[in-house]
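Enquirer: when you get a sec, could you give me coordinates for this:
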Amino acid sequence: MSSKPKKKVVITPIEIPPEFKDKVNNVRSRILFLSPSVMRGEERECRKNDFESISNSNIGVGGFGKVYKVRHKVSKNVFAIKVINKKKIIEHDLVE
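Expert: Numbers count the residues shown, from 1 in each chain. From the prediction side, this is the model:
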């Protein structure tokens, strides 16, 4: 049985304009684009600390991560947030 050699994935980081540095999260390697409202300067990017967990454990598991039920601290809206593993996304060649 032969195994395919893993192809090396090269990711070109998304460049953030200097005027948006205070509105976006400081991540080492950004693979997702910014939302249009963040790019227009209307709001800042959501952060983990903007939410509080409602349940003590995850409410689901997907192929790339776990799903948690959370509440936005300011608006009190309830959301399901999927926490994904960036390494798995890259391994499955799901980035352009």
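
Enquirer: quick one, domains of this structure?
Expert: 11-45, 47-96 (automatic domain parsing).

Enquirer: need these in TSV (columns: mean neighbour count).
Expert: The C-beta positions use only the backbone N, C-alpha and C, and glycine is treated the same way. Putting the domains of the chain into TSV (neighbours: other Cβ atoms under 10 Å) gives the following:
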stretch	mean neighbour count
domain 11-45	12
domain 47-96	12
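
Enquirer: if I look at Ile84, how far off is Ile90?
Expert: To Ile90, Ile84 is 11 Å away according to Cβ to Cβ, to the nearest Å.

Enquirer: do the same with Lys69
Expert: 27 Å.

Enquirer: hey, which helix is longest across this structure?
Expert: Under DSSP state H, the helix in the chain containing the largest number of residues is helix 86-91.

Enquirer: what's the average pLDDT for it?
Expert: Throughout helix 86-91, pLDDT has a mean value of 73.

Enquirer: where do the helices sit along this structure?
Expert: Along the chain, counting by DSSP H, helices occupy 36-39, 86-91.

Enquirer: which one of these lies closest to Val61?
Expert: helix 86-91 (12.5 Å; Cβ to Cβ).

Enquirer: show me what the closest one is packed up against.
Expert: With contacts taken as 3 or more Cβ pairs under 8 Å, 6 or more residues apart in numbering; DSSP states H and E, helix 86-91 sits against no other helix or strand.

Enquirer: so where is this structure shaky, pLDDT-wise?
Expert: 1-17, 20-32, 92-96 (pLDDT under 70).

Enquirer: tell me where it has strands.
Expert: Taking DSSP state E, the strands of the chain run over residues 51-53, 60-61, 65-72, 78-84.

Enquirer: tell me the angle the last one makes with strand 65-72.
Expert: Pointing back at strand 78-84 there. Relative orientation of strand 78-84 and strand 65-72, computed by axes from the mean of the first three to the mean of the last three Cα atoms, to 10 degrees: 150 degrees.
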